[in-house]
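Enquirer: Sharing a sequence plus its predicted fold:
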Amino acid sequence: MADFKTPELTGEIITPKVTPGASKDIKQFPAKPDLMKKLNFPPEKASDWKEKFIEKMGDVLKKYKSVRVFLDSCVRCGACTDKCHYYLGTGDPRNMPVYRQELMRTVYRKYFTPAGKLFGGLADAREITDELLDEWWTYFYQCSQCRRCSVYCPYGIDTAEITMAAREIMDGIGLGSKYNLEIINKAETLGNNLGMTPPALINTWEFVEEEIEEKLEEVGIKDVGVKLPVDVEGAEVLLVTPSADFFAEPHIYSLEGYAKVFHQAGISWTLSTHASEGGNFGMFVGNYHHMKTINKRVWDAARDLKVKRVIAGECGHAWRVLYDFSNTLNGPFDFLDPDYNVPQHICDFTLDLVKKGALKLDKSANDQFTVTYHDSCNVARASRIGNEPGGQFTIPRELIKACCNKFVDMETICEKTYCCGGGGGVLTDEVVEIRVKGAMPRMQEYKKVRDAHGANFFALICAICKAQFTKVFPYYGFEMEEVGGVHQLVSNALVMGAKEGV
Amino acid sequence: MNGLSSVFNLLAYLAAAIFVFGFLNKVIQYFNTPSPLKIPTTPAPTTSMGVVLRLIPEVLFFRSLLKGGTTEKILWVGGWFFHMSFLFIGLRHLRYFVYPVETVMIFQEIGIWAGLIFPIALLILIIRRFTNDRLAVISLFQDYFVLVLILAIGLTGLLLKYFLRSNLVDVKAFILGLVTFSPAQMPDSTLFLIHFSLVLVLLVYFPFSKLMHAWGVLVSPARAQVDNPREVRHVNPWA
């Protein structure tokens, strides 16, 4: 791994000087031909790749209003230039959203606009070349599709749409991301991003049951019998959660939390070995077909298991796909109970139970923590929790406050939240430098509440955020144990036994 | 009618036609391009009426720019006063297009002020492009081109108003002639000819440039979509 300097922790976010090429060498590994072929992409760049590239781009322009309108409308006002965490962390101008988009816009002008066709360079239009493609490869994989730029743009131009389109175009000429496509392949063949087989899944879930029991015994509570039911036909709820929840830390503690909540509420539920993944990397590479295929497993499982409701665990982009796209991709869901949101977010579900008095929470169980909450981008800016706009901000916070006595917010939150630096298909080790640097803004703000208020628990509802922060916290001198899930706090505070029912 | 007048009458119709059809072409293209998925930037309204209420402050007050820092505050001042003064200058010019003029007299006073603010706002927009290092990198030839073009329109207009006045009766006759499709003589003023030509260039340039943000702002899926994916099934026409 290349050497790099972790940004200095000062508590301040300073917009860096423009430093061309500062992150030009941070690149993902391309996928091997056999993997490309398996996913119905050309195996590799062929001699006629330029024609294919233009053809694919034309196809995307016909299919996506967002791409067409966004490419035309940008006036380069510069409002987005200091909004990207990757720019703030690197100073590379190609990480300014407008200048990242310019990589596509310049090609768009050349082949798809009268001005570019007629005036070429004078109209800032460039032909696609190997050099330009190399920049595409580098910088369209240095975007975490967090949509922060879209919030500040006067036209709402969303770089995520451009990045997704760019990755789709590159896949279309045989240039794909190894990390993203391997995960898509595993999700489509085995049903989860980790590539766990059903027996392995069942093993893991049994282990989690034992863990829950052991932990409860440690505090003198015996024989509660919290279960992680598997493939139970006729269960009330199907829980779909990112597979990281099954083995990674701190993810697994939230899984324990979900199980305990269902147990205490007395609501029958089940996990599915067929739909053992909430995440959907099809979105990250902008591929409608793969996104649909991965998403379909969830609704097939819901149908097969004859459940009434589908609830989603803590995961940002999974929630975006489930909330925003499911109904289009694989709906309608008339076989589910219309009295509940389809799907429902686990925080919405748990907070509702808390409000109804169905759960007893002992806040003092979390007294060793001063909690702060990081709004994850796909929840904050691309979806909603609950029935009111902005529920994605209030519901997790209300739930946290129901579970602990000490809570403090960071400075830049809600729709303006900074990305963790690892979302959107960037969570891979060969690009750890961009991940560490991209986390800088959030790290500065965490340092601030840590110093001023003693914050020591960084609460999340996103599997990628959890994995990313546990990785980058040590770079900034924080303990990775400070990273945790919201349902981890729920799990700590939930008083077991003495059932009160719903 | 002299030869020059004939040419300019013709050019004016040509420019207007390119503007109208070019603009409509884009509107139709956007309309016909599907949105496969729901992608509103949230929190977003849950009703169509809510979307209208979301877009109004975006269009009238550039609301999203106000979320930003100092750079955007400067941009907001330059951009908002530029657009508003352009609007009122346009409204003031209505007196050349209608007869009698009583109905548009209310815009005369404010139009004069707008004319004075206009070049200042444009200068802010130009200067910020090369004094801020981030803007200097992203600014393209076309960004300066359009600002300078519009500034030239404004300055020639001011010259016509305050220093080298052309015969207003002639101007009115010429414009009314265009509007009523009964072409008339071009006013005998080189400055007017330049002013008028620059406007035609702007009209022709408009639909092929970033100026189409004028329509884009209204149809941007991130802003114009309703946040109701669970309640109403959004259908992708090409899937």
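Expert: Great, that's in hand.
Enquirer: What mean pLDDT does whichever strand or helix holds A:I400 get?
Expert: For A:I400, the host element (DSSP states H and E) is helix A:391-403. Helix A:391-403 shows a mean pLDDT of 98.
Enquirer: How about the contacts made by the residue lying closest to A:N327 once chain neighbours are set aside?
Expert: Leaving aside its chain neighbours, A:N327 sits nearest to B:R233 (4.8 Å; criterion: C-beta to C-beta, 6 or more residues apart in numbering or on different chains). In short, each C-beta sits where N, CA and C put it, glycine included. By C-beta atoms under 8 Å, 6 or more residues apart in numbering or on different chains, the contact set of B:R233 is A:N327, A:T328, A:G331, A:P332.
Enquirer: repeat that for 10 Å
Expert: Each residue near B:R233 by C-beta atoms under 10 Å, 6 or more residues apart in numbering or on different chains is listed here: A:S326, A:N327, A:T328, A:G331, A:P332, A:F333, A:D334, B:K38.
Enquirer: can you pull the pLDDT of it?
Expert: Value listed for B:R233 in the pLDDT field: 97.
Enquirer: can you give me phi and psi for it?
Expert: phi -70, psi 120 (degrees, to the nearest 10).
Enquirer: what's the most distant pair in the contacts of B:R233?
Expert: A:D334 and B:K38 (18.8 Å; C-beta to C-beta).
Enquirer: These two - which one has more neighbours?
Expert: For A:D334 versus B:K38, the count of surrounding residues by other C-beta atoms under 10 Å in any protein chain shown is larger for B:K38: 25 against 8.
Enquirer: what sits against the more buried one?
Expert: A:320, A:323-325, A:327-328, A:382-383, B:44, B:221, B:225-230, B:232-234, B:236.
Enquirer: Output the longest helix belonging to chain B.
Expert: Ordering each helix of chain B by length in residues (DSSP state H) puts helix B:3-32 first.
Enquirer: Against which helices or strands is that one packed?
Expert: If contacts are counted by 3 or more C-beta pairs under 10 Å, 6 or more residues apart in numbering or on different chains; DSSP states H and E, helix B:3-32 sits against helix A:49-63, helix A:65-73, helix B:168-179, helix B:190-205, helix B:213-219.
Enquirer: The fourth one close to chain A?
Expert: Yes - under the criterion of C-beta under 10 Å from any C-beta of the partner chain, helix B:190-205 makes contact with chain A via B:Y205.
Enquirer: Let me know the angle separating the helix or strand bottoming out on mean pLDDT in chain B from helix B:3-32.
Expert: The element with the least model confidence among the helices and strands of chain B, by mean pLDDT, DSSP states H and E, is helix B:168-179, at a mean of 94. With axes from the mean of the first three to the mean of the last three C-alpha atoms, to 10 degrees as the basis, helix B:168-179 and helix B:3-32 are set at 50 degrees to each other.
Enquirer: Run through chain A and note the low-pLDDT ranges.
Expert: Applying pLDDT under 70 to chain A flags residues A:1-2, A:498-502.
Enquirer: heading toward the C-terminus, what's the first helix or strand past the helix ranked longest in it?
Expert: Under DSSP H, the helix in chain A containing the largest number of residues is helix A:198-218. The C-terminal neighbour of helix A:198-218 among helices and strands, as given by DSSP H and E, is strand A:237-240.
Enquirer: What helices and strands are in contact with that following strand?
Expert: By 3+ C-beta pairs under 10 Å, 6+ apart, strand A:237-240 packs against helix A:251-265, strand A:269-270, helix A:288-304, strand A:309-312, helix A:346-355.
Enquirer: Please name the strands paired to the shortest one in the sheet, noting orientation.
Expert: Looking at strand A:269-270 with DSSP bridges, its paired strands and their directions are strand A:237-240 (parallel).
Enquirer: Which ChimeraX command selects the buried ones in the contacts of B:R233?
Expert: To isolate the buried ones among the contacts of B:R233 in ChimeraX, judged by 16 or more other C-beta atoms under 10 Å in any protein chain shown, type:
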select /A:326,327,328,331,333 /B:38
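Enquirer: Could you tell me which of the contacts of B:R233 are located in helices?
Expert: Filtering these for helices - DSSP H - leaves A:S326, A:N327, A:T328.
Enquirer: any chance of these in JSON lines, plus distance to A:V285?
Expert: JSON lines is the format used below for the ones in helices among the contacts of B:R233 (distance: C-beta to C-beta, whole Å):
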{"residue": "A:S326", "distance to A:V285": "18"}
{"residue": "A:N327", "distance to A:V285": "21"}
{"residue": "A:T328", "distance to A:V285": "18"}
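Enquirer: show me the residues around whatever residue of chain B ends up closest to chain A that make contact.
Expert: Ranked by C-beta to the nearest C-beta, the top residue of chain B for proximity to chain A is B:G216, at 3.1 Å. Neighbouring residues of B:G216 by C-beta under 10 Å, 6+ apart: A:68-75, A:154-157, B:26, B:30, B:210, B:223.
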